[in-house]
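**Q** fold the following, please.
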Amino acid sequence: MSPKKSPHRILIHDQPQRQADIKSCYNVWMKFNPKNLMVVGAAVLGLLAVVLVLVLAEKLLAIWHYLQEAPFWLVMIYATLLLIIAVLPLWLMVKFKSKTPSKSEPQGHGFDLDEDSLKGRLEKEQLRGVDTLAAEHELAELEARRHRGLFHLTLFGHASSGKSSLIQALMPEKEIDTDVVKGTTTHITHHQYGHLVLGEVPGYDAVEQANLTQLALEEARRAHVVVFLLNGDLTRTEMTLFQSLKNIQKPMVLALNKMDLYSQEQQTQLQQAIAEKTADRFPVVSISTGGFESVQLEQADGTVVTEQRPRTQIIKPLIDAIEQVIQGNETALHRFRDAGFLQLASEKLTEASLDHNQKEAMKIIDSHTNKAIVGALASVAPGSDLVIQGTIGTQLVRSLCELYQVPFNQLQIDQVLKSTGGKLKTSTSLILAISGNALKSFPGLGTAAGGIMHAVAYGLIFNSLGQSVHLTLQKHGALNPEKTQQSFEELLIGSSQNLAKDLAKMALKIRQKS
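**A** Predicted coordinates:
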């Protein structure tokens, strides 16, 4: 009985045959490699092209022969049909490319946020304990405005641009407070005028009201139409805010107020300048909201007195422009209004979710940091702390992933712990030095505190680990070992002395209780 060949010996004996087979396959492949196949394919296509040209030439000559013997009217009909068939594709292509939104329909949001999906997402966040009141308020206000069926306008402009004066001109019976120095609106006020509701928002440059600009922009997103009041050409600040309003894609009317201060020629020049800066996308009108102006008069005895004179009210051009924007576009305006509300609710829900995750992540990190300190103080057998801390590290990463609802598996967690653990080999002395310096702040303790310095070091490590995983999940939405390691290194090296002192206090309290 012959001895059984080992796999290695079989490979050695069969090697010449294998080389021959490989060479044979290589020769076949060289005959049919992609370059050769392309040459063959090109030759076949060329042959087919020649055949096609010959066939078409024969058909065209036959048609030309028949047309020479056909009546003139039949020739004209045939020629017309050929012309239509040849021009039609070109005409359709030009029309498709040059198609633009109708001027009668205002340009709105380029998205349709699914309201049902948003409500479903809101319910899920509520179950997680997220504060969803801000998002719920937006949806409730949207439903209320739908029920009323009125058109909402937001009066936007800097402080004392004439917002309150405009409302006073429309509704003389209302008591509207005005202040020509600093503006008086510090919150959103709604005034109804016929089927219109005018939302008066804070001036974006009013005294001590810079933080209210966001409030004004949010109300603009809830409106059907924005009225941007100006007292002259667009300034740099106004141009920036105009871009913000344009980005939310709301129909807008720009109103040049205090037209009585300008001549007709100046008004025309200002309107043209504003239209050019806004790419002529929105109507620009000249108005006067009235109010009062200060006039200095010289008396007969040479003294000068200041007198308040009422300005003439001219607001019809603005009313006409608003009516023109609304007329025939009711359905589109309602749709864009809804989109603004839904997008605002979605953003507030996202903000609330991020805030909730931030707070809960800090609780998780603090809890596991505390467990790591306790584990370090409680470890007695050599190496037992590594087992304890490995378990706590796994729990820490798992809890953060569950908070952010990010899918994970044990292999990914092990990779994160391994990648961050590799950095500790070169940072142990630095971590212990930081821990020792923190303990020096406690009189009579110094660095000879036994396992306390060891516990503080573990506290720093776990705090940095938790923070790095938290930041990675928050930014990338996935458990990425490479990104986590990068953040871990930055946080570990940048561990503050104050954090180490806090951890030392925690360790001392734990030790005193035990």
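**Q** parallel or antiparallel, list what pairs with the one helix or strand V226 maps to.
**A** For V226, the element it lies in under DSSP states H and E is strand 225-230. Using DSSP bridges, strand 225-230 pairs in its sheet with strand 151-156 (parallel), strand 252-256 (parallel).
**Q** as JSON lines, those with mean pLDDT would be great.
**A** Shown next, in JSON lines, are the strands paired with strand 225-230 (pLDDT from 0 to 100):
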{"stretch": "strand 151-156", "mean pLDDT": "89"}
{"stretch": "strand 252-256", "mean pLDDT": "89"}
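**Q** can you say which of the ones you listed is nearest to I84?
**A** strand 252-256 (43.7 Å; CB to CB). Backbone N, C-alpha and C define where each C-beta goes, glycine included.
**Q** so which elements touch the next helix or strand after the closest one?
**A** Downstream of strand 252-256, the first helix or strand assigned by DSSP H and E is helix 264-277. With contacts taken as 3 or more CB pairs under 8 Å, 6 or more residues apart in numbering; DSSP states H and E, helix 264-277 sits against strand 252-256, strand 284-286.
**Q** in helix 264-277, what counts as buried?
**A** Residues of helix 264-277 classed as buried by neighbour count (16 or more other CB atoms under 10 Å): Q267, L270, Q271, I274.
**Q** got it, and stretch 279-286?
**A** Buried residues in stretch 279-286 (16+ other CB under 10 Å): F282, P283, V284, V285, S286.
**Q** list the contacts of the third one.
**A** The neighbours of V284, taking CB atoms under 8 Å, 6 or more residues apart in numbering as the test, are V253, L254, A255, L256, Q271, I274, A275, T278.
**Q** okay, stretch 452-464 in PDB with CA atoms only?
**A** This file holds the C-alpha atoms of stretch 452-464, laid out as PDB (Å, rounded to 0.1, in the frame of the first residue of the first chain):
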ATOM      1  CA  ILE A 452      -7.200  56.900  44.600                       C
ATOM      2  CA  MET A 453      -4.800  58.200  41.900                       C
ATOM      3  CA  HIS A 454      -5.400  55.000  40.000                       C
ATOM      4  CA  ALA A 455      -9.200  55.500  40.300                       C
ATOM      5  CA  VAL A 456      -8.900  59.200  39.100                       C
ATOM      6  CA  ALA A 457      -6.900  58.000  36.100                       C
ATOM      7  CA  TYR A 458      -9.600  55.500  35.200                       C
ATOM      8  CA  GLY A 459     -12.200  58.300  35.700                       C
ATOM      9  CA  LEU A 460     -10.400  60.400  33.100                       C
ATOM     10  CA  ILE A 461     -10.100  57.500  30.700                       C
ATOM     11  CA  PHE A 462     -13.800  56.600  30.900                       C
ATOM     12  CA  ASN A 463     -15.000  60.200  30.700                       C
ATOM     13  CA  SER A 464     -12.900  60.700  27.500                       C
END
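**Q** just how off-centre is it within its chain?
**A** Distance of stretch 452-464 from the chain centroid (CA atoms, centre = their mean, to the nearest Å) equals 38 Å.
**Q** name the residues that touch it?
**A** Here stretch 452-464 has contacts from 365, 368-369, 372-373, 375-377, 385, 389, 392-393, 396, 424, 428, 431-432, 434-436, 438-439, 445, 447, 488, 491-492, 495, 499-500, 503-504, 506-508, 510-511, using CB under 8 Å, 6+ apart.
**Q** circling back to that earlier point, turn the strands paired with strand 225-230 into a markdown table, including distance to K483 and mean neighbour count.
**A** Listed next are the strands paired with strand 225-230 as a markdown table, based on distance: least, CB to CB, whole Å; neighbours: other CB atoms under 10 Å:
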| stretch | distance to K483 | mean neighbour count |
| --- | --- | --- |
| strand 151-156 | 42 | 25 |
| strand 252-256 | 42 | 24 |
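**Q** any idea which of the buried residues of stretch 279-286 is closest to G129?
**A** Distances from G129 to the buried residues of stretch 279-286, taken by CB to CB, are shortest for F282, at 44.0 Å.
**Q** hmm, P251 and F336 touching each other?
**A** Yes. The criterion here is CB atoms under 8 Å, and F336 meets it with P251 at 7.5 Å.
**Q** where along the protein do the strands fall?
**A** Per DSSP state E, the chain carries strands over the ranges 151-156, 189-193, 196-200, 225-230, 252-256, 284-286, 288-289, 292-298, 304-310, 313-314.
**Q** need these in TSV (columns: distance to I85).
**A** Below are these laid out as TSV (distance: least, CB to CB, whole Å):
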stretch	distance to I85
strand 151-156	49
strand 189-193	58
strand 196-200	53
strand 225-230	47
strand 252-256	46
strand 284-286	47
strand 288-289	61
strand 292-298	70
strand 304-310	71
strand 313-314	59
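**Q** closest to F151 out of the helices and strands packed on helix 264-277?
**A** Minimum separation from F151 across the helices and strands packed on helix 264-277 (CB to CB) falls at strand 252-256, 12.7 Å.
**Q** can you check what angle separates that closest one from helix 264-277?
**A** Angle of strand 252-256 versus helix 264-277, following axes from the mean of the first three to the mean of the last three CA atoms, to 10 degrees, is 150 degrees.
**Q** neighbours around E123, how many?
**A** Residues lying near E123 (other CB atoms under 10 Å) number 10.
**Q** tell me the confidence at it?
**A** E123 is assigned a predicted lDDT (pLDDT) of 95.
**Q** what's the distance between it and A135?
**A** Remark: distance between E123 and A135 (CB to CB, to the nearest Å) = 11 Å.
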